[in-house]
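S.K.: here are the coordinates; sequence isn't available:
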């Protein structure tokens with residue numbers, strides 16, 4: 001049996017178990033996504049929500065990300081939700097549909113960004129539904145507001161993004177309502193849950 005890396009499932013105040021308030025996030029970005037979700041982990045009180053995170057290799061393919069997330073999921077227990085955050089990149093529609101079906105059948109909540117996570121970051125600063133055809137275009141959108149962003153250090157100070165979270169959520173939902181495919185992101189579905197558990 002795989003070794004558990006979750007928290008102890010003993011009872012907590014209010015009769016909840018650790019499983020009730022533990023979320024695991026698997027993401028395919030070793031820099032940008034890692035720093036972003038570590039920021040949330042530091043901000044959220046463990047008594048409200050225990051946040052675990054892990055890296056999954058995708059190679060620019062959503063189906064590969066989901067398959068690797070399934071393997072990682074087996075190492076955890078005593079959690080309420082397991083999320084997979086990944087870039088669409090060049091994944092075609094058929095493979096993307098397969099990935100979503102596989103995630104659903106394995107109780108994994110899939111959060112894709114098309115083309116990449118930078119779409120979510122850029123939405124903190126302004127709304128745009130202009131087609132994004134490459135990762136470089138998405139990075140340039142972020143650089144308009146944070147000139148230091150880009151290779152090899154694709155990171156953004158978390159406090160800057162956190163202060164604009166509501167703006168990003170509203171812009172992402174606006175894209176969703178408009179039926180935009182690229183750009184698009186589902187990261188707001190996860191972030192809304194994280195923000196609800198922050199101490200204001």
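M.R.: Everything's here; your move. Because the structure is a prediction, the values reported are computed rather than measured. Residues are numbered from 1 along each chain as shown.

S.K.: drop to CA atoms for contacts and neighbour counts, all remaining ones
M.R.: OK.

S.K.: Of all residues in the protein, which one is nearest the centre?
M.R.: residue 85 (3.9 Å; C-alpha atoms, centre = their mean).

S.K.: Double-check that that one belongs to a strand.
M.R.: Yes: assessed with DSSP: H, G, I helix; E, B strand; the rest coil, residue 85 lies in a strand.

S.K.: so it sits right up against residue 27, yeah?
M.R.: Yes: at 4.6 Å, residue 85 counts as touching residue 27 under the criterion of C-alpha atoms under 8 Å.

S.K.: Any idea how many residues pack against the nearest residue to residue 89 once chain neighbours are set aside?
M.R.: Nearest non-adjacent residue to residue 89, counting by C-alpha to C-alpha, 6 or more residues apart in numbering: residue 115, 4.9 Å away. Neighbour count for residue 115, taken as other C-alpha atoms under 10 Å: 28.

S.K.: How about residue 99?
M.R.: Neighbours of residue 99 under the rule other C-alpha under 10 Å: 21.

S.K.: What is the helix or strand where it lies packed up against?
M.R.: Using DSSP states H and E, residue 99 sits within helix 93-105. Applying 3 or more C-alpha pairs under 8 Å, 6 or more residues apart in numbering; DSSP states H and E, one finds that helix 93-105 makes contact with helix 62-73, strand 109-114.

S.K.: can you give me the strands in this protein?
M.R.: Counting by DSSP state E, the chain has strands at residues 22-27, 50-55, 81-87, 109-114, 184-185.

S.K.: for the ones you listed, which one sits closest to residue 123?
M.R.: With C-alpha to C-alpha as the measure, strand 184-185 is the member of the strands of the chain nearest residue 123 (9.5 Å).

S.K.: Pairing partners for the closest one, with directions?
M.R.: If you go by DSSP bridges, strand 184-185 pairs up with strand 109-114 (antiparallel).

S.K.: re earlier: can you list the residues that contact the helix holding residue 99?
M.R.: Helix 93-105 is contacted from outside by 62-63, 66, 88, 109-110, using C-alpha atoms under 8 Å, 6 or more residues apart in numbering.
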